[in-house]
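Engineer: coordinates only, no sequence provided:
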C-alpha cells in the first residue's frame, strides 16, 4: 500500500504544521503510512531578497503545487495566507482545519508597545501589508525588509540592532515562542492577512480517496470565513504585492467581514465592513470588495 505523502516546506513552522496535519491523518488513513516530503520553494531559496523581487505571489506554494500535480505528493499543507487565490487546474482546496490566532505580534526589547516607539525607530517586517499599516499609524517610523524563518527574524532583532519587529502570532505560538511577544497589535488598525492563522490542505481534484480523508479535517466556520476573505482579495485583484488586510468573524449563521486597502507608503487607507450569512461567504467577500472599489480602492490598487 502506497504511503500518503504530504508535501511541505522545510522551515520549522512549515514542518510543525505538516506534522500536525500528519498526526491527525494517521488514524484516518490507517493502516496506510503517512509521510512528509520536504520541498524547497523559491521563497526559501532566495531568503535575502524581498518577496516582491522574486515574484511575490506563490513564492512559498508553486513548487509544492507542481509536485502535487505531478503525483510526487498527495497532499499539500500551506499556510493559507501564502496560497494565491487563483484557481489551479486539477487541484482543490480540500480542507481548512480550525484556525489558530490571527493577530500580528509586536516584538521589542526596549519598548513595551508599538505606540511607545520613538520617532524614527527602525522596525523590521517582510510583509507589505504590515509595513503599510504601521506607516499609516506612524509615518515617522523606518520600516526595513526582514526575511527568514521565525527564529532567524527573532535573531536579527538583536543582530541588526532593530528597535522592533512584527511577526504573526500564530507562528510564534505554534513554535512555543509566545514569550517573545511584547504586544498583540490592535486588529482595528493592523488588520491580518487574508487567511492568516489558517492552514490550507490541497489535493488533486480527481483523488477521491485523499479528498475524503482531508474533508474530515475541515472546520466549516473557519473554511467559510477564509473563503470570504479570499473572495475579497480575488475580487480586488490583490495578492501579497498589494497591502490588503482582512478580518472575519462567524457568529451563528452570520459572517462579519472587515477589509482595508492601503497604498504601499501607508498614506492612504480605505476600509469598510460587510456581513451576510455564513453559507454565502464568497458573496460577502465579493460584495465587500465592490464596496471598497466604489470608495476609491480601485485608484489605490492601480498605483505603482
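Structural biologist: Alright, I've got the coordinates. Only a predicted model underlies this, so the values are computations on that prediction, with no experimental measurement involved. Numbering: from 1, shown residues only.

Engineer: alpha carbons only for contacts and neighbour counts from here, please
Structural biologist: Will do.

Engineer: sketch out the low-pLDDT regions of the chain for me.
Structural biologist: The model of the chain has pLDDT under 70 over residues 42-57, 238-241, 303-304.

Engineer: need the residue closest to the centroid of it.
Structural biologist: By CA atoms, centre = their mean, the chain has its centre lying nearest to residue 81, at 2.1 Å.

Engineer: counting neighbours, what do you get for the closest residue to residue 104 other than its chain neighbours?
Structural biologist: Distances taken as CA to CA, 6 or more residues apart in numbering place residue 168 nearest to residue 104, at 4.6 Å, with adjacent residues excluded. Look at residue 168: counted by other CA atoms under 10 Å, it has 20 neighbours.

Engineer: isn't residue 168 up against residue 107?
Structural biologist: No - in this structure, residue 168 is not within contact of residue 107 by CA atoms under 8 Å, at 10.5 Å.

Engineer: overlap in contacts of these two?
Structural biologist: Residues touching both residue 168 and residue 107 by CA atoms under 8 Å, 6 or more residues apart in numbering: none at all.

Engineer: what ranges do the helices span in the stretch 151-300 of the chain?
Structural biologist: Along the stretch 151-300 of the chain, the stretches classed as helices by DSSP state H, counting those that start in this stretch are 169-174, 208-215, 220-236, 281-292, 298-301.

Engineer: tell me which other helices or strands the shortest one touches.
Structural biologist: In this structure, helix 298-301 makes packing contacts with strand 254-262, judged by 3 or more CA pairs under 8 Å, 6 or more residues apart in numbering; DSSP states H and E.

Engineer: show me the contact partners of the strand it packs on.
Structural biologist: With CA under 8 Å, 6+ apart as the test, strand 254-262 has contacts from 132-133, 191, 225, 228-229, 242-250, 268-278, 281, 284-285, 288, 292, 297, 300-301.

Engineer: next step: these restricted to strands.
Structural biologist: 244-250, 269-277 (DSSP state E).

Engineer: of those residues, keep whichever come out buried.
Structural biologist: 244-250, 269-271, 273-277 (16 or more other CA atoms under 10 Å).

Engineer: widest-spaced pair of these?
Structural biologist: Spatial extent of those (CA to CA) is set by the pair 269 and 277 at 26.9 Å.

Engineer: residue 183 contacts residue 111, correct?
Structural biologist: No - using CA under 8 Å, residue 183 is not in contact with residue 111, being 9.8 Å away.

Engineer: name the nearest residue to residue 300, sequence neighbours excluded.
Structural biologist: For residue 300, the spatially nearest residue (CA to CA, 6+ apart) is residue 263, at 5.9 Å.

Engineer: for the one you found, give me its contacts.
Structural biologist: Per CA under 8 Å, 6+ apart, neighbours of residue 263: 132, 243, 269, 300-301, 303.

Engineer: reformat those as JSON lines; add distance to residue 204.
Structural biologist: Listed next are the contacts of residue 263 as JSON lines, based on distance: CA to CA, whole Å:
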{"residue": "132", "distance to residue 204": "36"}
{"residue": "243", "distance to residue 204": "31"}
{"residue": "269", "distance to residue 204": "39"}
{"residue": "300", "distance to residue 204": "36"}
{"residue": "301", "distance to residue 204": "33"}
{"residue": "303", "distance to residue 204": "37"}
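
Engineer: from the residues you listed, list the buried ones, please.
Structural biologist: Buried among those (16+ other CA under 10 Å): 132, 243, 269, 300-301.

Engineer: of the residues you listed, which is the nearest to residue 117?
Structural biologist: residue 132 (16.6 Å).
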